[in-house]
Structure formats: C-alpha cells, structure tokens
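S.K.: coordinates for the following, if possible.
(chains A and B)
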Amino acid sequence: MYYIIALVALVFIVLTGIVISRLQNVLKSVKSDDSTEVKHTGNRFNGAMFLFVLVLGGIAIFWSYMDARGDFLPTASSIHGRRTDDLFWFSMGILTIPFIFVNVLIFYFSWKYQYKKGNTAAFYPDNHRLELIWTIVPAIVMALLVFTGWKAWSDITGEAPQDAEVIEITGKQFNWITRYSGVNDNTLGNYDYRLIDAQNEVGIDLSDENSFDDFMGPASAIHIPVNTPVLLKIRARDVLHSVFIPHMRVKMDAVPGMPTKFWFVADKTTADMRAELNDPDFNYELACTEICGMGHFSMGTKIVVEDEASYRKWCAEQPTFLNTYPEYLAKVPDNLKAKAMKYLPEGSVTAVADSTSGTVGMGSSSLR
Amino acid sequence: MSAIVGAESIHEHAESHEHHHVSQNFWQKYIFSEDHKVIAKQYLITGIIWAVIGISMSVIFRIQLGMPDSNLSWLKPVLGQWISDSGKLDPNFYLALVTMHGTIMVFFVLTAGLSGTFSNFLIPLQIGARDMASGFMNMLSYWFFFLASIIMFGSIFLQTGPAAGGWVIYPPLSALPEAHPGSGMGMTLWLTSMAFFIVSQLLGGINYITTVINLRTRGMSFDRLPLTIWAFLITAVLGLISFPVLLSSVLLLIMDRHFGTSFYLSDIYINGEALPNVGGSPILFQHLFWFLGHPEVYIVLLPGLGITSEVIATNARKPIFGYRAMIASMLGIAFLAFIVWAHHMFVTGMNPFLGSVFMFLTLIIAVPSAVKGFNYITTLWRGNIVFTPGMLFSIGLVSLFVSGGLTGIILGNSALDIQLHDTYFVVAHFHLVMGAASAFGLFAGVYHWFPKMFGRMMNPTLGQLHFWLSFIGIYMVFIPMHYVGIAGFPRRYYQFTSYDFTHKFMDMNMFISIAAIFSFLAQFIFLWNFFYSIFKGKKAPKNPWRSNTLEWTTPVNVGHGNWEGEIPAVYRWSYDYSKPGAKEDFIPQNVPYSQTLESNLPHENELIATEKEIEAQNFNDQFKTAH
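M.R.: Sure thing, here's the model as predicted:
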C-alpha cells in the first residue's frame, strides 16, 4: 500500500517538476514578448497528457478493481440477495461498455485533434441520424434495465408468505430491540408508544392477548431460522434508523410513527458461512444506515442463523415478556387474566394475583 | 448611414452615462453595488472562501476515516474542545463536519458560487443588456446570501456545535434537541440561514429569468442565445419552482421545533418520556426536501454544463454539435428533475409501487444526459483543440459527468438500491457527477471569463497544472470509493472498526484520504493564480479566446453599462467557428451576414433581408428608458 502511495506521490512530484520547468521557459519568453496576443502554451504537452492519463488510468482502474474484487459485495446469503447481486453485476457489465467507450473517445479525441497550426476544424453543427441513434440506443438499454430491475423489486417488496416468521425490530439511540411473536400464535401483540417504560421497551400492549406469548430477543444477537421466510416488522422509537444486514441484502428504514417491513429468506446458517468462508469467527451483522446521532457508527448487533429445529428449541427456551416481568399482569384486563396466567413464572402466580387486586407489585413505579 | 445613427446614439448615451456615474462613491461602487459584474465577483469571492472552508472540513474527516489511529492534537488550536485530550476527534463533531461540508458545498459553493457568479456575470453581457432587470433586487439577492453566510458561519462556533443531522436534516433527529447536541441552537441557525439563502436564490432567479426574457438585444432571438444563457435560464426556473418547497419544509420544521406542531413527528419516546406529538410523518419531510433536493442537483450541474458547451465550442474551434438537441436535452432534464425525487427514498418505507414508478422515471433521465455527453464528444471530434485551462476543465467535466452519471443508473434501480443505499457507492456517485463535475464547471468558467472579469489573464501553465492534479486526484479519490461502497460501507460513520464487514479496506480508505489531501493541496495553485492574477496578471486582450459571444465586444475593462456606445445588434448564433470560406476561424454574433457573403449558407443569405428590420428594433436599452 505504501508503495502505491509513494508511487502516486512520485508521479505528482515529477508532473509538478515538469510543469514548473516549462513555466520557467514560458516566463522567459513572456519577458521578450510584449504583444497582447495570447499564445497557446503547452498544447502538445497537454495533448500527450491525455493519452498518458488514459493509458495509466486504465491500468490503474483495472488493477485496483482486480485487487479489490475479493472484498466486494460480501457473500450473499439470502435468495433475493443473489438475484440482486446478479442484476448488479449484469448492470455494471453493461455500463462498463459506455464508461470505457466514452472516456476513450474523450481522451483520444483530445489528443488526436489538438491544435496544430494550419489545421482547420470541421464545421459540423448537426447530424440528425447520429443524434437519433444515441437517443434510441440508451433508451432501449434503459428499458431493459428498468424491466429486470422492476421484476426483482416487485418480487422482493411483495407480500410476505403467510407462514413467515414474524420478528419485530425496533431501533432506538443506540441499539436494536427485538420482539418475537412467540411459540403459540406467531402473531405480535399490539403496541403503543405511550406504554414504553424502562422494562417494556417497545410499548407492548398487554390488553391484546396476542402479546402474552411474545418474548424479547436477547441483546447479544438476533436469532432467525434458515430457509424460512422471515418478516421483519421495523419500528423506531426516537429518530430515524435503518436496518441493514449486508450479507442478506436487506435494508429498510425504521421510522417513528410509521412501521415498515422487509421479508427475506436466509439460506445459509452461520455455521454454513463459517465453513464456506473458512472463518470460524464469522458472524452475520446488522448495522444502522440512517444517521441517528452520536452512536450511529456502532449501532449494530449480531444475527444467528440456525436450522429450523434449533431455532424452535431456542424460541421455546426464551422467557415471555410476562414471565420476565410478572408485575405487568396488572396491565392485563380482567377478562384475559386467566389466559395470561399461564405465561407467568411458576410460583409467582399467586403473589402477583394478590398484588393486582390491591397494592401493586415490584417495579410498578415505572408503570404509568 | 448606420455610422451616423451610431454617432448620434453615442452622444445621447454619453449624456445618460454621465447621469449614471455622478453619485457613485466607494460603497456604491464596490460594496452595495447594483452592477451585475460587481455582484458576480462578490458571489465568486464569497463562494471561493466557502469552498476553502467546506473542503478543509472534508479533509479533517477524511483523516479521521483514513487514519483512524492518528493523533489530531495539532488541530486543537483550530477545533479546540472538539479534539479530545488524547487527540481524538469528537464523534458528534464528526457528524457536524459531514453535515456542514454537504451544506456548504451544495448550497453556498455550487449554487451561490457557481450559478450566482456566472448567471450574474454572463446573462447581461451575453444577451446584450446594460445590466440586470432590477439591479436593486440583484444587490438584495447577494446581501441576503451574505446574511445567510454569516449565520451559517457563526453556527460553526457554537458550544454545542453546528447542525449535525446530515445535509438532508431529516427529522426527527433534526427536530429534537434532546436527540443530538447539533439539533439545538446549531439547527436553529441552520434553518434560519437556509431561509435567508432561499430568499436570496428567489430574488436572483426572478431577476435572471426576467432579464433573459425582456432585455435581449436586437436580433437576439431565443434560437441565437448561447447555451450558457439557456442553462442559466433553465436553472433559474428550476430554482424558482423548487426552492419555495424547501422553504415551506424548513418553516414546518421550525414550527415543529418551536411551536409544538406535529408535521413530522409522531409516536416518539425519547429521554424517558413519550412526546405528545402524533399524526405527523418524517417521510413527509423527505418528500418535501427531495422535491427541492433532486432539482438542486441540476441547479448545481446545469450551469456547469452550459459553461462547458460554450468553452468546448470556443476552444475546439467548432460549432457545438446539435445546438437544438442540447437545448432540448436540458429542457428534458429540467422537466424530469421534478418527477424523480423519490429515488432517494426507495427504502424509507414508501409504497413499493411508488418505487417502481420513480425507478422508471429516473432511468429515463439517462437518455437526455447521454445525448449531452455524445454531443460534447462529437464537438471535440475533428476540432482544432486549444488546451486553455478552461478547455481542460471542460473536457474533464465531460469525463466526470459520464463516469459519475453511469453509476446513477445502478442507484436509480430500486432493486439494486436496497444494498447500495446510504453506502459510499452513493457518496462516490454524486461527488463525481454533481460535486466534481460542477466544480470543474466553476473552474472552467473562472479560467475562461477571468480576462473579462478583471481585465487580466491567469497564468495558463499553472492552470494546466491545477487541472491535471485536480483531475487525477478526483479520480483517485472517487474510483476507490466506489469499491468501498460495493463492499457495503455505510456513510456518515465515525469509524469503521465497529463491524466485521467494514473491517477491511483499511489501506483503501487511507489511499482515498491521501488522494483527497493531494487534491486539496492542488487547489492552492488555483488560489494563488487567481488572487495574484487579479493584481499582477498579464493585461488581457479584448478577445483572448477569439470567441463569438457578445461579452468579448465590450472594452477590456468593462464599465457600468457594459458597452460604451450603442449595444451591438445580433445577426447570427454564437457558434460560427471555422465556417468554410470565412477569413477567420470565428465570426462574432454581431457581424451581419451581409459582411460575410463568402461563408454564408444558402438560407443565411436570405436572412440578409432581415438585417434592416433587426437594426430598427427597439433597443431594450436601459439607459434610454426613463426610470
């Protein structure tokens, strides 16, 4: 790396040297020449520079591309991810043609048609056929790209399958909170931002019976099953955030007051990826990509992708929200209390049941 | 006969001329001037000062990104409390730097500095007018900009720092002082400054449009206008339609911040309490912002393209290829600019169907852009190219415009935008196509019209050196930045060490930073050349580039009113370069066809009959009408 920088610095210094030495000559000639006619100084030098920069730039871009290629788009591990990757490289391939073609023409023409005494430029103000060609050809290419892109976009953003695993992810300054829809109903309970407090971080509405089996994901990592559609329901608590899972090609903003969603199918478990990349420390990551304040650059978490069986097992092991904070039984309407009871920890049932009738239990100071 | 008429009118003019000069003291002449040329220079110098500030900021955060372990204690004298005792940049201030860099470069440098300078300077000179339609409004426009500048500059020195929510200032981050220190007083000043800035733009824009429509000289029909003027006219229309929308979004944000409304706020729980606001939408702000924000890209770029058209034609000694297609493509781009804004919002949760519509509209814009690119190239083809610094920067602009524009086709594709949105791929894309290309337009314009502005020449060799260092430097910064973006590095990150997926390309980021510093240093060549040449440059001849447009028919040191005698009439378009049969390789616009019988095309001989008619027209001469 340092060699490259040194090399570039050298090119700059040499260039500066050449120009300054030429400048000296020019200054000398200026002194002996009082006419106000402007001379074309350095025309041949600049013409040659165009060729030089074209060739050197072409080599530099090609080399740097080949060198950096290994670290491009991280290995895709979702079904739609590989589709957009293919589309990306297809589009890049097509666009490389005009990139090279146009730049070569600009640089080559600049060199080829540089000023020469006695030459006369062609008087060539228009040619309708040419103009028609370079209006229609880009239009056709664009139509092709639009069509392929549109097909992919509508499939990706279409409705999630009915059986998709529903996970709610809420962004706040500066971490992510996940809520799973539970082992019994695969439906998230309602929420209301006014119910948020220190324990109930996403404002679960316990008057909705769907929320009884909901459990909060641990802060350490988000678990998702492999080869199963996962529907992320995305929310934000304070400012805009954005869910970005680079390996899954997932990105969607989290907007306060406007829930968003994104569904995808991860088809490589964390273990698969560790084997594929030959990197035992590999972890899927989730990052924030919408500026959200001081901690924006580190507002991330890990994702564990595991097979269906171990995912189900993991889910079953997680304590429901009510199990963790039994005092919230007070929030459950009387007619649903019986249903909620079975999610409470063993032994605490009677204590909490008592407390609901009169005095309020531990931790209730935060209940408003 | 016409000579006698001319002499009479010179006499007449001399009287009125005196009347105009009687009361000019220093303040009226140089500070609160109503002369478009002085106002243009005021815009230019203010823009240059802002550019130095804005680019310096980028160098600071590039050092942070490229050399994360470096000790920045040496910046303590400048940045004070924002550098910690261990020599680290404050993460809050990093965001403030990113935000201010964007705001300054987009609005204060490339909108005011570029369009403000050249629209003011060139519109009256190239259409043959004594001054702008309203000199007073023009002066107001600059001083509102100056006021906006002072407020924005002042905000940098606040204890809590300037605005720091990104240049797009998305609420709720920008609306809630408790969300970020920069959203307090810094954001208040940002919004105030922008409100004044918009007033300045509107005053300027109305003036540009009115002047182009009403004050064209005899014979200067729309199909004889130089492409620069077309570009400035279309730019002004874009600004006039889109800036009020930004003003309204700014005003609504001010209401949300200070008067308890809920336009953009809903369901927010922050700092341990739930805010009462419900029913607002942060997405609404994004729609309003980008309704300006996208046309803004073209407000920045079109003047650069207009300048390029003029400079390339002049220095290739060829007529611009496809004059009408150039106008049509600019009109097409301007129209489409208003219906593509939501491509900035594909993954904000907007309805995906809307995303498909905006993807389709966005990719259409590639067609007029391609036409422009190919027309420039064909203008170079079989030319006789003189590499003045202005010409070099114009050629560079075409290359940057095409290279940067192509990646826009990737980003405009909503399916691909999922992965690339808000990554360095976007940063690289818009810096090439809008930042660097427009800056090159600015440089091309300064080098080309410096002789007309200051009556002196800039040093061409230093200009050429400046070009090559900038051009190579820009590509060395932004080509690798695409790679970093393809790897998924998100933008506006204080550092890349928090994630495994950004734990690579360390040396690539260092390379980008070093290239950025190189390019920054190269700009000092320009600064020296510019300021030195104002005072010590070689005296300029009347028409140094042998150009056709009207400004070169004015005296070397242009006085108030631009032309000493009568305003010249115009008989032809401005691109009669290297016309077969002509004595010289250029025929200025004010030369009638009756004097160039040897080079006239058949249909042009017919136009000789209309010359009398043109000469007899009302002059639109502001010195001759009562005011």
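S.K.: list the contacts of B:Y575.
M.R.: By C-beta atoms under 8 Å, 6 or more residues apart in numbering or on different chains, B:Y575 lies in contact with A:P125, B:A313, B:P319, B:I320, B:Y323, B:N548. (C-beta placed from N, C-alpha, C; glycine too.)
S.K.: now those residues: which count as buried?
M.R.: A:P125, B:A313, B:P319, B:I320, B:Y323, B:N548 (16 or more other C-beta atoms under 10 Å in any protein chain shown).
S.K.: pull the longest helix from the chain.
M.R.: As the question left the chain open, I've gone with chain A. Ranked by residue count, the top helix of chain A under DSSP state H comes out as helix A:79-112.
S.K.: can you look at chain B instead?
M.R.: In chain B, assigned by DSSP H, the helix with the most residues is helix B:282-316.
S.K.: does the residue nearest to the spatial centre of chain A sit in a helix, a strand or a coil?
M.R.: Nearest residue to the geometric centre of chain A (C-alpha atoms, centre = their mean): A:F244, 4.3 Å. Here A:F244 is recorded as strand under DSSP: H, G, I helix; E, B strand; the rest coil.
S.K.: how about B:T502, nearest residue that isn't a chain neighbour?
M.R.: In space, and not counting its chain neighbours, B:T502 is closest to B:F496: 3.9 Å by C-beta to C-beta, 6 or more residues apart in numbering or on different chains.
S.K.: is that neighbour in a helix, a strand, or coil?
M.R.: coil.
S.K.: my guess is it contacts B:L65. True?
M.R.: Yes. Using C-beta atoms under 8 Å, B:F496 makes contact with B:L65 at a distance of 7.3 Å.
S.K.: need the residues touching each of the two.
M.R.: Joint contacts of B:F496 and B:L65 (C-beta under 8 Å, 6+ apart) are B:N509.
S.K.: now A:R274. Nearest residue, chain neighbours left out?
M.R.: Among residues not flanking A:R274 along the chain, A:F282 sits closest, at 4.8 Å (C-beta to C-beta, 6+ apart).
S.K.: that neighbour against A:A271, yeah?
M.R.: No. In this structure, A:F282 is not within contact of A:A271 by C-beta under 8 Å, at 9.4 Å.
S.K.: ok, those two, which is more surrounded?
M.R.: More crowded of A:F282 and A:A271, by other C-beta atoms under 10 Å in any protein chain shown: A:F282, with 19 against 16.
S.K.: hmm, stretch A:241-261 in reach of chain B?
M.R.: Yes. Using C-beta under 8 Å from any C-beta of the partner chain, stretch A:241-261 reaches chain B at A:242, A:244, A:246-247, A:249-253, A:255-258, A:260.
S.K.: report pLDDT for the closest residue to chain B within chain A.
M.R.: Taking C-beta to the nearest C-beta, chain B has its nearest neighbour within chain A at A:G257, 2.8 Å off. On the pLDDT scale, A:G257 is placed at 92.
S.K.: and A:A351, by the same measure?
M.R.: pLDDT for A:A351: 51.
S.K.: kindly report the same for A:N127.
M.R.: pLDDT, read off for A:N127, is 89.
S.K.: need the helices for the stretch 251-368 of chain A, in chain order.
M.R.: Secondary structure of the stretch 251-368 of chain A (DSSP state H, counting those that start in this stretch): helices at A:270-277, A:308-317, A:321-324, A:337-341, A:348-357.
S.K.: check the stretch 201-350 of chain B too.
M.R.: Using DSSP H, counting those that start in this stretch, helices in the stretch 201-350 of chain B cover B:227-258, B:282-316, B:323-337.
S.K.: among those, which is the most enclosed?
M.R.: helix B:282-316 (a mean of 25; mean count of other C-beta atoms under 10 Å in any protein chain shown).
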